[in-house]
Each structure stands twice: as structure tokens, then as C-alpha cells.
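Novice: what follows is a predicted protein model with its sequence.
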Amino acid sequence: MNELRFNEETLRDGQQSLWANRMTTKAMLPIASTLDNAGFSSINIMSGSAFESCVLYLNEDPWERLHLLGQLMSKTDLQILIRGRSAFGWRRFPNDAIELLIKCLKNTGIQGIAVFDGLNDMSNIAWHIKVAKDIGLQIHPALVFTDSPVHTDKYYGAKARECVELGVDSVTLADASGLLTPERVRTLIPTLREALGDGKELGFVSHDATGLASANYFEAIRQGVNNVSTASRPLAYGNSIPWTEEIIAFAREQGYEVKVNDLMRKKIDDHFFWVAYDDKKPLGQRVPFNPIKVRKYAQHQIPGGMMSHLVSQLKNLELEHRFPEVLEEAGRVRQELGYPVMVTPFSQIVGVQAVFNVIEGERYKTMPSDLLQYARGYYGKPAAPIDPDILDRIFEGKYEEPVDQEEFFLEPLVDKVRAKIGAYRSDEELLLELFFSHPTLEKFHKNKKTIEFPVTRLPLSTLIRELSKRKDISRVRLQKGALRLEQIF
Amino acid sequence: MKSDKVSLTYDLTYKDVVDILKIIDGSTSEELHLELENLKLDVIMGKGNKAAIAVPVPAAPKPQAPVQVPEKKMSADEKKPKAEAELSGIPIRSPLGGTFYRSPAPGELPFAKEGDTVKAGDQLGIVEVMKLMNSIRAPQDGVIKEVLVENESTVAMDQVLMLMEPLPKKKSKK
């Protein structure tokens, strides 16, 4: 029987998509060993933005979280997601910084690195792949899906072959924005499968922003993916990915073997129901599919998180009524810039330029410096060349030397930072210095809390504690099996 | 099947607990009687008059609080109208709402400070919008007269960031 393997994403994609990465380590620790024993092929435990959230909002040392999870989960392969050259920060980092990061991550006890580049430019992640392989980590690149005239099946097939040549362990098709449809899955997955050959695993993840994710998974399973990413029920659907149970049920019905233990899986769901209630976090809601909305969204592809930003920017300028124009314009700018995938930083570049174009009434009059950088090739190669007329406007007819990526990659940065902060500091601290500004770190060190190891409680004792907290209750009588409790407050 | 049931100490789940608490918190009844498969729960509400008393007490106004709060929030905005009214010199405005940075990186020297002579096109600051860095440049040669906005503060579109004066011509007025 063919096996379908499951990569668990509650701690990474789930909380990133629905809770803005505000899940505390305290909420993760009690369920860690259950996750570890549940039979997932891998568990993704962190990404760059969760790392950032630890430092900026949760006042937790992200390294401490990684070490704790690494210790509690020793049976299942743990993975961490790195966003290409910007890794865990916002600017781009040279080779030595990427290498130090991957080595430190390995030290926390993980087995694999997942990595993607927003332009699917493999030269941006070739170094990550090499370093991971050299030190004995698995490497799982993701190809980011987008819908455009140049992002064809052939394009993705060629990217998958590039990955194979670089010696990766698997390739995942990642639909970060929910633009994939079952029709497209039907042709794209077989193309990727063929490109990868027999030996390599093909992974699949699709976000439910447009309500099509589950249907996409079903089709992807029929078309022969080997590994799917899913989340527990409270952190599934909506902007997140489908619920493990739904996908397992379909896979088994199709005759696939799934090694995930149902009882453990139910415990995981149940734990996060409590976390959501206790921390006042929303539960993932299924999105009804609406073809008109989806078509509009496909035209500009601005991610949900950024839409609210744009609206508030325009509101500040009292130009909220021009929002539809900005969306129209974003579609145009995206096309002119060679169809970058609308993820950070390209979604910002396109979105902000669209705002400038609309409010100034003249296109490309004001440009963020990141656009100039993009046009000079600083971020790598877009899927299609930038419109030559627009390139002229960007450079005002002047010739601009293209950025030499290789030269930048080789620049020494780690030693420079070490010299600045002092040799006695640990590599983990050094990486914090690389990824965050000095005032941010100063604030972080001042407010940092030691991560609490929570006492494990059962649901019944949790219920009793909660009841006793409520001031408007005068008397509780509880009977469960042999247990009888009467409490008068 | 039976062995399964033994290993699951869990005929009451967290989800049940959440549901029970939601029922209790959302209820206005005086008594609640709940029976699940293996659980019987009776909750009697209303500790004498405690619920009724609890409301008015915190409602009594704390005298000093309301005065301070609104003042604090204003500071970013209030600067703008005051400065706008008394402008003299060449205003350097923010092209869009965002965060204003005076220096290329935290801890480094500012691009330009008061009294500096700058040339047209020299960078004077950065306005960051959604992690994008927009350079603020000098529109002409001149001297920085006044920097009106503090480093890392939030600025609105068209807000005046700095005032410049044209370069004083030393000898003739030509």
C-alpha cells in the first residue's frame, strides 16, 4: 500500500496564518510529546516571522523555545522554515550569516530545513542547500505557486529539476495565497512528479484563503503527491491550511496508508481548543468558495495581511474611496515588474508603488528605493523580464550597473558583527544582533521572560479551576465516576 | 475498542470544558444542571448580591485617570498643526505616511542635522512604509534650518519633516 506522509504545521503555518505568530511556548510544551508520538513524518516548529514575533511581541527567547522543543520531540523529524536570503531578518544576508544560522538551528536538535525564495530564483537558496547537506541536515525547498502567464507548468517543472540537481531531499509545491485550483493541480502535480523522478518526495501545501484548499489536496493526492502539510482543527482553514483529520480521511478512503495515530491526533486538536480559549485566539473558519471574489483577488494578488495595511494608509490620506483603483493598479505594476510572487518583500514593493501611482496621478514618479534595488537585480531574477519602458522610467534613462549577487553573497559579515559585539558572546546571540536592530534588542533583553514550564492539567481539573475563578458562582456540585465534589464559594 | 477507552483518560475533553464554560458565562440563569455521559455538573449562580454589587463599585470614577490618557495620545498629531502654522523656509515633506528615520541605521549618525549644508539630491532621511525604505532627498542646495520630527516617529503624508533655507549668497545678491 502506498503511504501518504503528513507534515504537521500547527506550530508554524497554522499559528502564523491565524494568530499572527502570537502562540507562546507555554502553549506548545504540554502537547510536544503527543505531537512527537503521533506518527507525523515531520513537524515544522518555526519560521522567520515566528522568530521575530518571539523577540518583538512575546518577550521570549526564540532559541530557548527551539532548544526546549528539540528536547521534548526526539522521535519525529523537526523542520524549520527559512525565507531565502533574508532568513530570519528583513535585509538580505551573505553566505557566512546563512551558514551560521543553519548550524545553530541544527544545534537545537532539528533534522531538516525548509526553504523558499519569493522569486523562485534557485541561486538565492543554492547556498542554503549546500550548507544543510554538508552538515547532515535534510533540505526541503518549496516552490512558491502563483497564477500568471509566465508561471506555467513548464516553469515549475524546470524549477523542480534545478532543485534535484542541487541535491535536495524533496520539493514542495507551496500555494501560499490560495490561488491554486483543482484543475491546475491536475496538470501541475504530474509535471512536478515527472521532473522529480522516482527517488524524490513531492510535498504539497495549499492555503484555504479562497476556500479551495481541501479540494486541491484531494486532487493532489489523486495525482500522486507523497507528503502533505496540515494543521490541527483550531489552527486550520481560513488563511491557514486544511485540517489533518479531513485529509487523512480522504487519503485512507483512496487506499493510502497513513501512519498518524487518531487518538493522539484528537488529543492535539483538543489541546489547541483549550489554548485558543485560554489565550482568547480565534478558531480557523472555513471560507466559502466565491468565484467572483477569487477572480478579483487573482488579478492583484495582494495578501490579506497587507490589504488592511493599504486600507489604513489610504484612510490616513482620506483617499479610502480610491482603494479599488489601487488594486487595479497593483495588478498592472505586478505585470510590469515581471510577475513577482506576492510575498514579502515583493507584495510591499508592488502595493506601495500602486499607492504612489494612484495618489500622485503620475505613474512611477515617486519610487521606494527597494524598487530600484529590485530593478537592479538585488533580489534575484523575476520570472519574466521587467517591462523595458518601466525599466527606463525607473532608472530615468540612466544605465544602472546590475547588482552582482555573487559578490554580495561572499561579503564577510559575521566576523564584522563579532568584532563589534565582542568575541565572548554566543553564536545564537550574534544571530539576534544580525536580525534585529539595537533598540529592539535592548528592549528585548530588558523585558525578556524565562519560558514557563506549565503544570500539565487534565480537562476536569481545568474545569474546576475555571469555575472557582468565577465570582458570580456561589455553589458547584460535580460528579464524575467515583469523584464527587461540592464546593460553596 | 475497550483497550482504547482505557488509554484515553479523556471522556471529558478540553473542547467540552470550553463549551461548558461558554454556556456558564453566556447564561443569565440562576442554576445550571449539566449531564454528560459520565459527568454531572450543577452550578448555582448569584453569590447573594455579589454580582449586583460588583458592577457599580468599579464604575465609580477614578479621578485622575481620564485627564491624562487623551493628552498622551495626541503628541504625534499635535506637532503637525503647530509647526505648519509657523513654517518659514523650504519645507521637506513626507511623500507618504510611515515611520521617519534620521539616520541610515540605528546608532549611526543622522543623514543631516540642523545647520548642515546640503546639496540638491542629498539624502536627509528615510520614511519607512511597510518595511520599504523611501529616501527623503534635498530638493535644492541649502542649509538645514530645523528638524521638526523626532527619529522613529510616525509621520503623515505631506507632514513637514524639516525646514531648509536656501544657501546664503556670500557677496552679491545675484
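Specialist: Great, that's in hand.

Novice: does chain A have contacts with the host helix or strand of B:I24?
Specialist: Here B:I24 sits within helix B:14-25, counting by DSSP states H and E. Yes - Helix B:14-25 lies within reach of chain A by Cβ under 8 Å from any Cβ of the partner chain, at B:14-18, B:20-21, B:24-25. Where C-beta positions appear, they are placed from N, C-alpha and C, glycine not excepted.

Novice: just the buried residues of those residues.
Specialist: B:14-18, B:20-21, B:24 (16 or more other Cβ atoms under 10 Å in any protein chain shown).

Novice: let me see the mean pLDDT of whichever strand or helix holds A:S474.
Specialist: Following DSSP H and E, one finds A:S474 within strand A:473-480. Strand A:473-480 shows a mean pLDDT of 87.

Novice: mind checking how far the helix or strand that it is followed by is from the chain centre?
Specialist: Following strand A:473-480 in sequence order, the next helix or strand is strand A:483-488 (DSSP H and E). Distance, stretch centre to chain centre, for strand A:483-488: 47 Å (Cα atoms, centre = their mean, to the nearest Å).

Novice: so what's the residue lying closest to A:R470 once chain neighbours are set aside up against?
Specialist: Here the nearest residue to A:R470 in space, its sequence neighbours aside, is B:I24; by Cβ to Cβ, 6 or more residues apart in numbering or on different chains that works out to 7.1 Å. Listed by Cβ atoms under 8 Å, 6 or more residues apart in numbering or on different chains, the contact set of B:I24 reads A:467, A:470, A:473, B:32, B:43.

Novice: pull the most distant pair out of those.
Specialist: Within the contacts of B:I24, A:R470 and B:L32 form the most distant pair, 11.6 Å apart (Cβ to Cβ).

Novice: pretty sure B:L109 is in a helix, no?
Specialist: No - using DSSP: H, G, I helix; E, B strand; the rest coil, the assignment for B:L109 is coil, not a helix.

Novice: my guess is it contacts B:N151, does it?
Specialist: No - if you go by Cβ atoms under 8 Å, B:L109 and B:N151 don't touch, sitting 11.5 Å apart.

Novice: spell out which residues are contacts of both of these two.
Specialist: Shared contacts of B:L109 and B:N151 (Cβ under 8 Å, 6+ apart): B:S103.

Novice: quick one: which of the two has more around it?
Specialist: B:N151 (13 against 10; other Cβ atoms under 10 Å in any protein chain shown).

Novice: mind listing what the closest residue to the more buried one other than its chain neighbours touches?
Specialist: Using Cβ to Cβ, 6+ apart and skipping the chain neighbours, the partner closest in space to B:N151 is B:R102 (4.5 Å). The neighbourhood of B:R102, defined by Cβ under 8 Å, 6+ apart, consists of B:110-112, B:125, B:147, B:151.

Novice: again with A:L434
Specialist: With Cβ under 8 Å, 6+ apart, A:L434 has these contacts: A:89, A:93, A:97, A:413-414, A:417.

Novice: mind picking the two most distant members of those residues?
Specialist: Top of the distance list for the contacts of A:L434 (Cβ to Cβ): A:G89 and A:V414, 13.4 Å.

Novice: what's the first helix or strand after the helix or strand bottoming out on mean pLDDT in chain A?
Specialist: Here the helix or strand of chain A ranked lowest by mean pLDDT, DSSP states H and E is helix A:304-316, holding a mean of 80. The helix or strand immediately downstream of helix A:304-316 is helix A:323-336, counting by DSSP H and E.

Novice: count of neighbours near the closest residue to A:F435 other than its chain neighbours?
Specialist: Counting by Cβ to Cβ, 6+ apart, A:G89 is the residue found nearest to A:F435 once chain neighbours are left out, at 3.8 Å. The tally of other residues near A:G89 (other Cβ under 10 Å) stands at 20.

Novice: same check, this time on A:V131
Specialist: Neighbour tally, A:V131, other Cβ under 10 Å: 20.

Novice: what does the one 5 residues further on give?
Specialist: Close neighbours of A:G136, defined as other Cβ under 10 Å, add up to 8.

Novice: next one: A:L29
Specialist: By other Cβ under 10 Å, neighbour count at A:L29 equals 18.

Novice: sec struct for it, please.
Specialist: At A:L29 the chain is in helix, as set by three-state DSSP.

Novice: likewise A:V150?
Specialist: Put simply, A:V150 is coil when judged by three-state DSSP.
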